[in-house]
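Chemist: Please work out how this folds:
(one chain, ligands or ions: 1)
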Amino acid sequence: MTRLLQKVPLASVFQSFTGTHGRSGSRVFEMVRNNVVVGLSSGRKSVSGFRTFCTGKDLSIKKCVSCDSKDMRPMTEQAANELITKVDGWNLVREGDALRLKRSWKVKTFMKGLEMFKLVADLAEAEGHHPDLHLVGWNNVTVEIWTHAVGGLTENDFILAAKINGISMQHLLRRKATN
Ligand SMILES: C[C@H](O)[C@H](O)[C@H]1CNC2=NC(N)=NC(=O)C2=N1
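Modeler: Numbering: from 1, shown residues only. Next comes the predicted model:
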């Protein structure tokens, strides 16, 4: 059996190997566990030994936590490099010794840039976690996200980036030049 990377609920994977009665022969279970890498929406190793990973969708349904918790620490660069793959379009940048998330868009007009700021601002207020917003050269929007309280990146920043990716903003953006 080739190594399959599927996004299917674990139950249906077992169902397909064990039938509707849920009886799982140990041989079948071994095969499944050793050959099927199932993309489950969780970031931890499950008891069945299935390797799991979180997705951008997981991040966007999470909630930012208060940044004034005393045990909040900036994440490592390795952790940031893993999470950056879950937020399409965002880049990891280093400003001084602090890592930040950054993404840019070209908007149709200066006013549509401000409309985009408002959409992002409403989201940030709802999350209690805020980005740095830049609008330069009249139509270049850049959003930077980092956790000021710790001077680096926390999961809050990736949650906010994933939620920003979920904002419907196509109507504000300049169409990409088709070559
Ligand atoms: C208590 C509350 O979590 C803080 O005031 C928030 C507000 N928004 C924030 N946003 C960002 N990006 N970093 C912070 O440290 C931060 N702190």
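
Chemist: count of neighbours near residue 129?
Modeler: Applying other Cβ atoms under 10 Å, we find 23 residues neighbouring residue 129. Using the backbone N, CA and C atoms, a C-beta is placed for each residue, glycine as well.

Chemist: Could I get the full set of helices for this protein?
Modeler: Secondary structure of the chain (DSSP state H): helices located at 10-18, 26-35, 56-60, 77-83, 110-127, 155-165.

Chemist: Report all helices and strands that the fifth one contacts.
Modeler: Helix 110-127 makes packing contacts with strand 132-136, strand 140-145, helix 155-165 when contacts are defined by 3 or more Cβ pairs under 8 Å, 6 or more residues apart in numbering; DSSP states H and E.

Chemist: Using a markdown table, lay out the ones you listed together with mean neighbour count.
Modeler: Conversion of the helices and strands packed on helix 110-127 to a markdown table gives the following (neighbours: other Cβ atoms under 10 Å):
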| stretch | mean neighbour count |
| --- | --- |
| strand 132-136 | 13 |
| strand 140-145 | 18 |
| helix 155-165 | 23 |
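
Chemist: can I get those in TSV with distance to the ligand and mean pLDDT?
Modeler: As requested, the helices and strands packed on helix 110-127 are arranged in TSV below (distance: least, Cβ to the nearest ligand atom, whole Å; pLDDT from 0 to 100):
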stretch	distance to the ligand	mean pLDDT
strand 132-136	8	98
strand 140-145	6	98
helix 155-165	7	98
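
Chemist: Okay, now the unreliable bits of the chain?
Modeler: Flagging of the chain using pLDDT under 70 yields the residue ranges 1-56, 178-179.

Chemist: The ligand contacts on that one?
Modeler: Listed as neighbours of the ligand in the chain under the rule Cβ under 6 Å from any ligand atom: 66, 67, 68, 128, 129, 130, 147, 148, 149.
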